[in-house]
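Participant: Here is a sequence together with a model predicted from it:
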Amino acid sequence: MSSSETSSAPTEKQPTTILCIGMAGSGKTTLMQRLNADLHAKKTPPYILNLDPAVSSLPFTANIDIRDTVNYKEVMKQYNLGPNGGILTSLNLFTTKFDQVLKFVDKRAGSVDHILVDTPGQIEIFTWSASGAIITDTLAATYPTVVAYIIDTPRTTSPATFMSNMLYACSILYKTKLPFILVFNKTDVVSHSFAVDWMTDFESFQQALQQDATYMSSLMNSMSLVLDEFYSHLKVVGVSAVTGEGIDDFFEAVKAATKEYETEYKPEIERLIQEKASQHIQEKEEQHRQQQLSKLMNDMKVSKGTEVPLDSGSKRMEDEQWEEEDEEEYENEDEDDEGEETDDEQENTLLGASRFPPSSSQQQNDAKFKAWLNQANESSMN
Ligand SMILES: Nc1nc2c(ncn2[C@@H]2O[C@H](COP(=O)(O)OP(=O)(O)OP(=O)(O)O)[C@@H](O)[C@H]2O)c(=O)[nH]1
């Protein structure tokens with residue numbers, strides 16, 4: 001089925017997956033709790049996945065909790081790992097069961113509007129690990145998926161920390177290639193208006209940088225030019241997970257990001273899936289061809305008593321040599337024959353008949369050789 005057919009087919013309503021990603025302490029879990037409460041109040045409860053194995057307690061009930069499958073402390077003990085290694089290994093172990101997780105999600109997908117995913121505070125464990133990528137890609141291939149990158153606003157007021165945070169967000173955007181929402185959290189403490197100013201008005205960020213006279217300032221100056229393009233692709237909202245301020249704006253941004261997923265990301269994801277599927281078919285065909293060839297070669301071996309019409313230069317075909325010759329010898333002989341290879345010889349090599357390539361001196365035997373090969377082919381068919 002072509003991608004256009006897939007997209008034009010009537011599709012049933014699908015929930016949007018919101019991946020909450022952010023530095024430790026940025027407020028992911030508190031925001032999840034707020035979103036959960038808000039959605040419950042609107043009578044559209046979400047489906048919740050907790051992927052943080054090290055969290056001690058959750059202020060909401062997760063439908064699927066990694067801690068029910070993997071005991072993080074036990075993993076650390078058994079594999080002799082530190083905290084980060086323990087989280088990573090737990091996530092890896094959980095990922096091996098992610099197809100089962102997806103089946104559970106699938107059962108409820110028709111009755112929910114949102115799937116909320118809480119990720120480990122050690123951000124790189126999720127964003128830069130193979131298991132994090134598998135989970136993200138699997139979800140994104142199944143449901144509209146958006147990344148909510150949570151930022152601790154009060155801790156981002158200096159140009160240097162702001163820039164570092166933006167660069168990190170930029171790297172996640174390029175890694176996941178998913179619609180992206182920058183969520184400035186804790187606006188009850190500090191308003192995120194300074195950040196919006198810096199992102200929309202290049203001059204105002206330059207002014208903030210001028211107060212810093214170090215070499216870092218000129219580095220950030222040039223980087224801010226690069227990030228200007230990045231900002232234009234982002235949705236920015238300010239929220240307070242504690243007071244609930246800005247949560248409606250957040251859901252508006254999620255709606256817009258879901259549309260963006262449908263129009264821009266989904267066709268690309270479908271194209272990649274199809275590319276992989278056709279690659280897989282090609283590999284299967286090649287495997288099948290190889291199996292047929294080795295069957296042919298085996299049949300030839302079985303009927304090696306049959307007189308093989310080769311000249312004296314190819315007497316190495318005889319029984320004992322057939323058994324004794326190793327690959328290296330054939331390679332050496334191939335090298336010796338280099339430059340003299342005819343089209344027929346190439347075809348024979350492709351057919352797996354390189355064990356006895358007729359040399360140029362045997363060309364007069366080509367007809368006989370082909371007749372013999374046909375006979376062997378026929379016997380293998382039977
Ligand atoms: N004032 C204020 N504090 C907040 C807000 N959101 C979270 N916090 C506080 O920030 C701290 C960290 O919040 P968490 O939700 O645990 O952050 P997290 O990102 O899940 O942390 P990790 O699990 O370590 O990654 C807690 O003390 C929260 O009470 C907010 O909107 N306003």
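Facilitator: Looks like it came in fine.

Participant: Contact residues of the chain facing the ligand?
Facilitator: By the rule CB under 6 Å from any ligand atom, the part of the chain lying against the ligand is 22, 24-30, 55, 121, 185-186, 188-189, 240-242. Every C-beta, even on glycine, is put in place using the N, C-alpha and C of the backbone.

Participant: if we go to 8 Å?
Facilitator: Counting by CB under 8 Å from any ligand atom, the chain comes close to the ligand at 22-34, 52, 54-55, 118, 120-122, 150, 152, 154, 185-189, 239-243.

Participant: For residue 75, grab phi and psi.
Facilitator: When read as degrees, to the nearest 10, the backbone of residue 75 gives phi -60, psi -40.

Participant: ok, it - how many residues close by?
Facilitator: 20 (other CB atoms under 10 Å).

Participant: my read: it touches residue 90, true?
Facilitator: Yes - between residue 75 and residue 90 there is a contact under CB atoms under 8 Å: 5.1 Å.

Participant: Can you work out which residues contact both of these two?
Facilitator: Any residue near both residue 75 and residue 90 by CB atoms under 8 Å, 6 or more residues apart in numbering counts here, and that gives residue 53.

Participant: Secondary structure element for residue 280, which one?
Facilitator: Using DSSP states H and E, residue 280 sits in helix 266-302.

Participant: Could you pick out which of the residues of the chain next to the ligand are located in strands?
Facilitator: Members of these lying in strands (criterion: DSSP state E): 22, 118, 150, 152, 185.

Participant: In a markdown table: those residues, plus distance to residue 68.
Facilitator: Shown next, in a markdown table, are these (distance: CB to CB, whole Å):
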| residue | distance to residue 68 |
| --- | --- |
| 22 | 23 |
| 118 | 14 |
| 150 | 24 |
| 152 | 29 |
| 185 | 27 |
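
Participant: Closest one of these to residue 235?
Facilitator: Distances from residue 235 to these, taken as CB to CB, are shortest for residue 150 (13.5 Å).

Participant: can you pull the contacts of that closest one?
Facilitator: Residue 150 sits next to 20, 21, 22, 23, 26, 27, 28, 31, 183, 185 when contact means CB under 8 Å, 6+ apart.

Participant: now do residue 131
Facilitator: Applying CB under 8 Å, 6+ apart, the residues contacting residue 131 are 88, 91, 92, 94, 95.

Participant: For the residue in the chain positioned nearest to the ligand, which non-adjacent residue is closest in space?
Facilitator: Proximity of the chain to the ligand (CB to the nearest ligand atom) peaks at residue 121, 2.2 Å away. Using CB to CB, 6 or more residues apart in numbering and skipping the chain neighbours, the partner closest in space to residue 121 is residue 24 (3.5 Å).

Participant: what's the neighbour count on the one you found?
Facilitator: Residues near residue 24, counting by other CB under 10 Å: 10.

Participant: Next, the contact list for it, please.
Facilitator: With CB under 8 Å, 6+ apart, residue 24 has these contacts: 121, 122, 123.

Participant: And for residue 254?
Facilitator: Neighbours of residue 254 in contact, by CB under 8 Å, 6+ apart: 16, 18, 114, 146, 148, 181.

Participant: mean confidence for the host helix or strand of the second one?
Facilitator: Assigned by DSSP H and E, residue 18 belongs to strand 16-22. Per-residue pLDDT over strand 16-22 has a mean of 95.

Participant: what do you get for stretch 262-270?
Facilitator: When pLDDT is averaged over stretch 262-270, the result is 86.

Participant: before we move on, what about stretch 68-81?
Facilitator: On average, stretch 68-81 scores 91.

Participant: Name the residues of it that come out as buried.
Facilitator: Within stretch 68-81, the residues that count as buried by 16 or more other CB atoms under 10 Å are 70, 72, 75, 76, 81.

Participant: With stretch 219-226 instead?
Facilitator: So, applying 16+ other CB under 10 Å, buried residues of stretch 219-226: 220, 221, 224.

Participant: Packing partners of the helix holding residue 280?
Facilitator: In terms of contacts (3 or more CB pairs under 8 Å, 6 or more residues apart in numbering; DSSP states H and E), helix 266-302 is packed against helix 3-8, helix 130-142, helix 366-381.

Participant: go with 10 Å
Facilitator: helix 3-8, helix 130-142, helix 319-324, helix 366-381 (3 or more CB pairs under 10 Å, 6 or more residues apart in numbering; DSSP states H and E).

Participant: Can you tell me which of these has the worst average pLDDT?
Facilitator: Mean pLDDT is lowest for helix 3-8 among the helices and strands packed on helix 266-302, at a mean of 42.
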